[in-house]
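K.L.:
What follows is a predicted protein model with its sequence.
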Amino acid sequence: MTFSRSCFCVCSLLVLFTAGCAESKNGSPETGNDAKAATASKGTIGFSALTLTNPFFKTIAESLTEEAAKHGYEVVVVSGDQDVKKQSDQIDDFIIKGVKAIVLNPCDSRSIGQAIKKANDAGIPVFTNDIKYDGDEGVVECHIATDNLQGGRLAGEAMVKLLGASGGKVLIVDYPDVESCQLRTKGFHEIVDAHNAKDGAAQIEVVATLNGKGARDAGYAVTKDAIVGNGDLSAVFAINDPSALGARTALEEAGKQDQVTIIGFDGAPAGKKAILEGKILCDPIQFPDQMGAKTAQMIVNYFNGEEPPKEILIPSALYYKADAEQDPELQEKSAE
Amino acid sequence: MDATAPKTQLGKNLFNDYGMVFVLLLLVVVLSALTLKEQSPEGEEAGRIVAERIIAEQGANVSVMVVAESTPVDEAFVRGAVAALETAGATIAGSVNGKPTDARVAIEKALAEGKTIDAVAATGDTVEWTIYDRFDGIGSDKCVSPVPYTWPTFAKLDNLLSVANQTAIYAIIAIGMTMVIITAGIDLSVGSLVALASVTAAIAIRDFGGGENASMAMMLAGCTAGIIVCGLAGLFNGAMITRFGIPPFIATLAMMMMAKGLSLRLAVGESISEVPDSFKWIGGGTTLGLPNPVILMIVLYAVAHFVMSSTIFGRYVYAVGGNAEAARLSGVAVKPVTLTVYTLCGALAGLGGIVQSSKLGTGDPKLGLMYELDVIAAVVVGGTSLMGGEGRIFGTLIGAFIIAVIKNGMNLMDVGSYDQQIVLGAVVLVAVLVDTIKRKGGRG
């Protein structure tokens, strides 16, 4: 009795698993055929994203897949889930599968080195985007990212445009743990300091720089503290959309949303929507779609015998309410 | 009914002992069948065959370019091809071991020197490069590459070793976890202890051992320090549980948070890469063709199996989990046994952390995220009961491999990461279901 029951359970486990496989078997060849229909398949590119729960990386994955398909490459996308062991196991699996090229958003800028080296040893070129590999064990063919310094300067210009005539007190909600965010703050300071150095210019005073950890809750908390200490704050520069939106919540709670203007960064869907609704003045926006497409082009060029540049920086652009009103992305959403 | 009883009993024992092994074998067969794929031959022999095919098709009076990547097998490919071409008296327009750019440069050079290229001898990989179409009169139709054969990707030796290598760290930590769960406890802190060991060892090596130039002895001392710190953390867990009666779940949950915070603090949130190359050998090197973590895993399992099945300590561990009160009354030193088990579990988590951080070549406070859940899943799938008193060390090894093989299989078949989690969750659920039904049957 017990034996047969146990047997039944094990069988159900197997059925379950094979069902899972069968489903996937049905899934993957179809996409393969699609790619083949366009041009003969030239092989597979493996992409291990930082995480797929953030729409930014999903957009990179989609544009990479789309652009690569135009040139006859298939893309397999997996999520590193911000776990460097998981990501290095995924690279192992990519090597065994014999992918032609590997694209990464390193889950740790240094710890991923051994895994990159393993891919190099297997003769597979590695490309990174958004997050840079910071080490010398492995070789990355090309790194594609937003020009964060230039983006920071744009935010500074927007701030000068806002407060240049009147002057005012500014809070920076930064995230010094991450290099890309440091660059944004640096670019912002460059422009604002240059403005302040002019003769007779109304001073834009940075009264506080607090760590919002790039997250909504931490951005909320530090803004809340900052407005207690600086009742006459005029503007906030937040280094990404989640911390900008956190700052907005804190300002609304204090009833200061009309007194204090927010400049964000990123241009994620939530940020763009907030710009449309007037909750954030503007964002220097990133172009994850260009990042994915550019990566695919660099891979195509690589196999075509061209040496890709070590680094490609994609310039950012300012995005105001007027841009949001024209943005088809947002209109689709409101139509729904 | 009476007559069939012994037979059923025999069947049950057989199933209990080997049931999970059957499941694992079945999975291996199923995955092999599902991952059948065309593979390309590699190495010297493949190079020779390609060269002979070119000569058979175009005669000995042919000018050939050999293109391969810079890996050792591809260097062998070029050697094989060049040797065979030279023997047959063919002209070699050039040979490349490198990237597509290198091949382009080599072809340009050959053409500039006025050489003709009648054929390109390429490997399975380089034949798919797009450089050939850049040149008039070459084109990809002039490429000759090895004829592929069909073989399951899953069953390639490289893949099987990689599965064993990937799962070794979970399997090593799972030894301690199995013991803890047999005493009817749980240890949630192992994931954080992985990070703690990794950071402690890397900092010890960087600050006291001489960093990248650390000697072998200093490196080993640093690793030992990492393991000892984790052993002490385990001892602390055990002390909280036995001295103050704090439930294991709570005591180790607290340690999980403290150890995580401590390792982030020690490392100031960053990974530490000032470690010597000898450190990377522990987790990244191979001995006799087997990855070191796999050898370590096999040795540890053999020792743990012996301890749990043939020593008094092992009997006591089962006794404590079966019924602590009864064990105490029959003279088992319940508290010292529990204390030892938690200390061992902490130390093994530390060892796992050392192996993992050696594999990555850095001390990283972000390591070990959610490892406790993977490890507990391996123990449970391996047939150890969360109620305590039952379970086998080898069962856990099989459990770890079942999970690893399923994960690997899904990766090889491009199953999305969302679906993977659903499947893995279901596998754990079914394993526990089997356990529960087995116990119900036992009672009835």
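P.N.:
Cool, got the structure. Residues are numbered from 1 along each chain as shown, chains lettered A, B, ... in the order given.
K.L.:
If you rank every helix and strand of chain B by mean pLDDT, what lands last?
P.N.:
Among the helical and strand segments of chain B, the one scoring lowest on mean pLDDT, DSSP states H and E is helix B:5-34, with a mean of 71.
K.L.:
which ones are touching residue A:321?
P.N.:
A:275-276, A:278, A:282 (C-beta atoms under 8 Å, 6 or more residues apart in numbering or on different chains). Every residue, glycine included, has its C-beta placed from N, CA and C.
K.L.:
If you could redo that for residue B:79, that was the one I meant.
P.N.:
Residue B:79 makes contact with B:44, B:47, according to C-beta under 8 Å, 6+ apart.
K.L.:
Work out for me the element it sits within.
P.N.:
Assignment of secondary structure by DSSP states H and E places residue B:79 within helix B:72-88.
K.L.:
before we move on, what about residue B:151?
P.N.:
strand B:149-152.
K.L.:
And stretch A:186-206, what's buried?
P.N.:
For stretch A:186-206, the neighbour count (16 or more other C-beta atoms under 10 Å in any protein chain shown) marks A:187-189, A:191-192, A:195-196, A:204, A:206 as buried.
K.L.:
Just the residues you listed: which are in strands?
P.N.:
A:204, A:206 (DSSP state E).
K.L.:
Against chain B, which of the buried residues of stretch A:186-206 make the cut? List them.
P.N.:
Among those, proximity to chain B is found for none (C-beta under 8 Å from any C-beta of the partner chain).
K.L.:
Which residue ranges make up the domains of chain B?
P.N.:
Following automatic domain parsing, one finds the domains of chain B at B:43-147, B:157-443.
K.L.:
and the first one, how far from the chain's centre?
P.N.:
A distance of 37 Å separates the centroid of the chain from that of domain B:43-147, by C-alpha atoms, centre = their mean, to the nearest Å.
K.L.:
any low-confidence regions in the chain?
P.N.:
Using chain A here. A:1-40, A:332-336 (pLDDT under 70).
K.L.:
My question was about chain B, not that one.
P.N.:
Scanning chain B for pLDDT under 70 picks out B:1-18, B:439, B:441-444.
K.L.:
For chain A, just list every one of the strands.
P.N.:
For chain A, the strands defined by DSSP E occupy A:43-49, A:73-79, A:101-104, A:126-129, A:142-146, A:168-174, A:204-211, A:233-238, A:261-263, A:283-285, A:311-314, A:317-319.
K.L.:
Out of the ones you listed, flag the one nearest residue B:202.
P.N.:
The closest of these to residue B:202 is strand A:101-104. By C-beta to C-beta, the value is 22.7 Å.
K.L.:
Give me the contacts around that closest one.
P.N.:
Against strand A:101-104 from outside (C-beta under 8 Å, 6+ apart): A:45-48, A:64, A:80, A:87, A:91, A:94, A:112, A:116, A:119, A:124-129, A:133, A:295, A:299, A:302-303.
K.L.:
partners of that strand, with directions?
P.N.:
Sheet pairing for strand A:101-104, assigned by DSSP bridges, gives strand A:43-49 (parallel), strand A:126-129 (parallel).
K.L.:
any idea how far that strand is from the chain center?
P.N.:
16 Å.
K.L.:
Alpha carbons of that strand, as CSV, please.
P.N.:
What follows is strand A:101-104, C-alpha atoms only, in CSV (Å, rounded to 0.1, in the frame of the first residue of the first chain):
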residue,chain,number,x,y,z
ALA,A,101,28.9,35.4,-27.5
ILE,A,102,28.0,36.3,-24.0
VAL,A,103,26.4,39.6,-22.8
LEU,A,104,26.3,40.5,-19.1
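K.L.:
Assess the claim that residue B:417 and residue A:81 are in contact.
P.N.:
Yes. Assessed by C-beta atoms under 8 Å, residue B:417 is found in contact with residue A:81 at 7.3 Å.
K.L.:
Residues that sit against both of those two, list them.
P.N.:
Counting by C-beta under 8 Å, 6+ apart, no residue touches both residue B:417 and residue A:81.
K.L.:
so how many other residues sit close to residue 287?
P.N.:
In the absence of a named chain, this looks at chain A. Neighbour count of residue A:287, defined by other C-beta atoms under 10 Å in any protein chain shown: 18.
K.L.:
you looked at the wrong chain, it should be chain B
P.N.:
Neighbours around residue B:287, by other C-beta under 10 Å: 11.
K.L.:
now do residue B:161
P.N.:
17.
K.L.:
The helix or strand containing it and chain A in contact?
P.N.:
Element membership of residue B:161 [criterion: DSSP H and E] is helix B:157-182. Yes. Counting by C-beta under 8 Å from any C-beta, chain A has neighbours in helix B:157-182: B:158-159, B:162, B:165-166, B:169.
K.L.:
If any of those residues are buried, give me the PyMOL selection for them.
P.N.:
Entered in PyMOL, the line below selects the buried ones among those, by 16+ other C-beta under 10 Å:
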select buried, chain B and resi 159+162+165+166+169
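K.L.:
Could you measure from the closest residue to chain A within the stretch 101-250 of chain B over to residue B:139?
P.N.:
Closest contact between the stretch 101-250 of chain B and chain A, by C-beta to the nearest C-beta, is at residue B:104 (3.1 Å). Separation of residue B:104 from residue B:139 (C-beta to C-beta, to the nearest Å): 14 Å.
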